[in-house]
Structure formats: structure tokens, C-alpha cells
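Colleague: Here is a sequence with its predicted model. Questions after.
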Amino acid sequence: MTQSRNLEFMVGIFVAAGIVALFFLALQVSNLGAVSTEDGYNVEARFDNIGGIKVKAPVTMAGVRVGQVTGISFDKETFEAVVTLNIDSKYDQIPDDTFAKIFTAGLLGEQYIGLDAGGSDVYLAEGDRLQLTQSALVLEEVIGQFLFSKAQEGAE
Amino acid sequence: MRVITDYFVKLGRKVIAALEKTGRGHMVFVKMIAGFDEILRRPSLLIRQLYYIGVLSVLLIGLSGFFVGMVLGLQGFYTLSQFGAEASLGVMVAASLVRELGPVVTALLFAGRAGSALTAEIGLMKATEQLSGLEMMAVNPVRRVLTPRMFGGIVSMPLLAAMFSMFGVLGGWFVGVGLLGVDDGTYWSQMQGKIDLHEDIYNGVIKSIVFGVVCTWIALFEGYDSVPTSEGLSRATTRTVVHSAFAILGLDFILTAMMFGE
């Protein structure tokens, strides 16, 4: 009897340890603990060029992750990219004249959307649109402009 | 003329034998799964097998996971530091463990540790006519002997693979953060940012369940189908390990292509 109890005890420990390992992977290793997508509100931002932004790219404010990109589409009439941002419902006091910019984390890092708070008293709500946006920095364009201005300097 | 017909006879005999073996394997598999109600009636049979297949493998799996994680930490740090990207060490360690190494290495170790033991056990039961003895007592040996072992393997494998990945991540953390000076917060936060619960972890668990089914099935069938002599038994044990390894690596490619292919 004691031997069988002992065996059952060991199996119980084994199964519990396995489940703990699965929870460890889910909570500590994966993004489950981070911002959840279910609760939160969606706002829209239009950019002339979104560079390499992809769905699930982070949305940050002062460097802190406040949400993520949930949708990217193209407006056929204005030729703009329409990006849907899902912002965590914890952050419900963001002014509606907030400035959205596309940044790159490091030289080769992924791109993300940074929000700069405005001064308005009206807060962003579901379905609002961010009016002030700045497109992604495309390296070729920047180099092109630099070369162009250098060439003009030389001509003068 | 005789030589040519002999050749075709041999070829035909081989093909038929292979087909028969495949058929027997599937028949046994269906019978094993269909014996599920036996486990519900006698859970102690499953618990005993969970002990022999699962609990006794924990030390091997945990230690291997830890060492694999430490090696990943060292090698990953060496490569990533050439690009100044040591901060991504956590992502590299966790992604390679959760997606590939966890399920695959666990399954390979499982085939060597538990699979060979199962084949030898069943084969010896057959050689000493214990299985026929059960049948004489009107006890179905597939349901009574094979089914609990099958489900023991299916339940144990995902748990063992999860433990392997967990110890691996901790091993990578020990080397990366403890010895090589990667920042503790960066290690975890980069990992949490890039590893997706659905994409990476669920798919890894699905892989390990598939490997659990296939490894245990091969081991049990090879034992059940072995020639009941000492030579037949040794061949069956070898075949278990070899076939399991092929099946794991082949299936891993197919599953990876299906899950992460697009």
C-alpha cells in the first residue's frame, strides 16, 4: 500500500511539474504577460509611408509600451496607409492631438510607433483618428536628400 | 530464367511483408486507442506507466535541457556579440528551444530512454508467453498491457518537452546573465516581446504530442511484433530507436513546414 502511494505521489509531482513548466513557458517566456489585445480601444492613424511597420508592432509612449498595431490597410483615394492602433484601456487619458511618429529601434531593429502627447483636454476614444503623423524615415530618401543638398552647395 | 523469376519473387515477398507489417501496426494502434475505456476503469494501470515512462525520465530530460540551454547561451552569445546584438540572446535561446529543440531532443531522448525499455519489456513478455497467458485467462493483452503504456507515453511527452524547454531557458539565462553579463531585464523582456504564445508555444506543444504518439506507438508495436527470440528482441529494440529517430526528424520537418512555413 505504501509503495503504491509513493508511486502515485511521484506521478502527481511529475504531472504538476510538467504543468508548472507549461505555465512558465506561457507566462515568463511568451508575450501573454504583456499587453493583451482583447481590452483596449482602437484609433486610426494615416501615414504617407509606413516603412516596415507590421501588424503586432509595438506602440509606445515615452518609451513605454501602451499598445500594438492591429491592422494596416491602404486608402485607394488618398494613397495613404491607414494603420489601426490598439491602445490598452489602462491608458485612456491620451490627448486627441497626440503626434504619431514611426521610429526604428536601433540601426537594424524593428520599427515601432511612438506617440508624443499633445495638450488637448479631449481624450482619445474608440474610433478616433490621429491627425498629426510623421512618416517612417526611409534611409534611401534621406541619403538622396543629403547628396542633393551637398551637390547644390558645390554648385553655388 | 530461374534467376530472374527468383528476383521478382523476392521483391514481391519483401513488398508484401512491408505492407503486412504496416497493416499490423495500424491495427494494433487502433486497438490500443480503442482500449481507452480500460484506463478509465483501472486508472492505476496508467499511473504505474506514467511513473516508469515519465517520472523516471525527468532527471535525464531536465539535465539535458539545462546543458542544451547553456550551450545555446554560449554559442548564441558568441555569434550575436559579433553584431552587437547580445540583447537578443533570450529570444534566440527561447525560440530555438520552444520551437525545435524542446520537442525534438526530448523525443529523441525519450525514444532512447523509454522507447527501448518498452520494446524490450513487451518483447520479453511475448517471448516468455505472458501475453498468450493473459489471452488464455480471457484478458485482452492489447487493452491490458499496451493501452496504458501508449497513453502513458502520450501524456508524458508534452510534459517532458515543456520541462526540457523550461530548463533550457534557465540554462541559457545562467550562462548569458550569470556568466557572460547580458542584462537580466533585457534577457526576459526581449524574450517576452518576441515569443508568441500561439505561434511558438502551442505549436511546440502540438509537435511534442505528435512525437509522443509516434514514438510510443513504434516502441510498443516493435515489441509486440518482435520475433520471440533473444536475437529478435535485440533487433526489435534497435529498430525502435532507429525508426523513432527517423520518424521524429521526418515529421519535424513536415510539421515545421506546416506550422511556420508561410
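Modeller: Arrived safely. Residues are numbered from 1 along each chain as shown, chains lettered A, B, ... in the order given.
Colleague: quick one: which helix or strand includes residue 18?
Modeller: All of this is about chain A. helix A:2-24 (DSSP states H and E).
Colleague: That was the other one, I meant chain B.
Modeller: B:Ala18 belongs to helix B:2-34, assigned by DSSP H and E.
Colleague: Helices of chain A, start to end?
Modeller: A:2-24, A:139-155 (DSSP state H).
Colleague: Only the buried residues of the longest one, if you could.
Modeller: Pointing back at helix A:2-24 there. A:Leu7, A:Glu8, A:Met10, A:Val11, A:Phe14, A:Val15, A:Ala17, A:Gly18, A:Ala21, A:Leu22, A:Phe24 (16 or more other C-beta atoms under 10 Å in any protein chain shown). Backbone N, C-alpha and C define where each C-beta goes, glycine included.
Colleague: Check the offset of that helix from the chain's centre.
Modeller: Centre-to-centre, helix A:2-24 and its host chain are 40 Å apart (C-alpha atoms, centre = their mean, to the nearest Å).
Colleague: Contact residues of chain B facing chain A?
Modeller: B:44, B:47-48, B:50-51, B:54-55, B:58, B:83, B:85, B:94, B:98, B:155-156, B:158-160, B:162-163, B:165-166, B:169, B:188, B:191-197, B:200-201, B:205 (C-beta under 8 Å from any C-beta of the partner chain).
Colleague: What about chain B: which of the buried residues of helix A:2-24 touch it?
Modeller: A:Leu7, A:Glu8, A:Met10, A:Val11, A:Phe14, A:Val15, A:Ala17, A:Gly18, A:Ala21, A:Leu22, A:Phe24.
Colleague: Quick check: the gap between A:Ala16 and chain B.
Modeller: 10 Å (C-beta to the nearest C-beta, to the nearest Å).
Colleague: what's the single longest strand in chain A?
Modeller: Counting by DSSP state E, the longest strand found in chain A is strand A:64-75.
Colleague: Counting by contacts, list what it packs against.
Modeller: Judged by 3 or more C-beta pairs under 8 Å, 6 or more residues apart in numbering or on different chains; DSSP states H and E, the packing partners of strand A:64-75 are strand A:58-61, strand A:80-87.
Colleague: Could I get the contacting residues of the most centrally placed residue in chain A?
Modeller: In chain A, the centroid-proximal residue (C-alpha atoms, centre = their mean) is A:Pro58; its distance is 1.4 Å. Applying C-beta atoms under 8 Å, 6 or more residues apart in numbering or on different chains to A:Pro58 gives the contacts A:Arg65, A:Gly67, A:Gln68, A:Val69, A:Tyr112, A:Ile113, B:Gly193.
Colleague: got the contact list for the second one?
Modeller: Yep, that's A:Gly67 we're talking about. Counted by C-beta under 8 Å, 6+ apart, A:Gly67 has contacts A:Val35, A:Gly40, A:Pro58, A:Val59, A:Leu85, A:Asn86, A:Ile87, A:Asp88, A:Tyr91.
Colleague: residues contacting the closest residue to chain A within chain B?
Modeller: For chain B and chain A, the shortest gap (C-beta to the nearest C-beta) falls at B:Leu159, measuring 2.6 Å. By C-beta under 8 Å, 6+ apart, the contact list for B:Leu159 reads A:Phe14, A:Val15, A:Ala17, A:Gly18, A:Ile19, A:Ala21, A:Leu22, B:Gly54.
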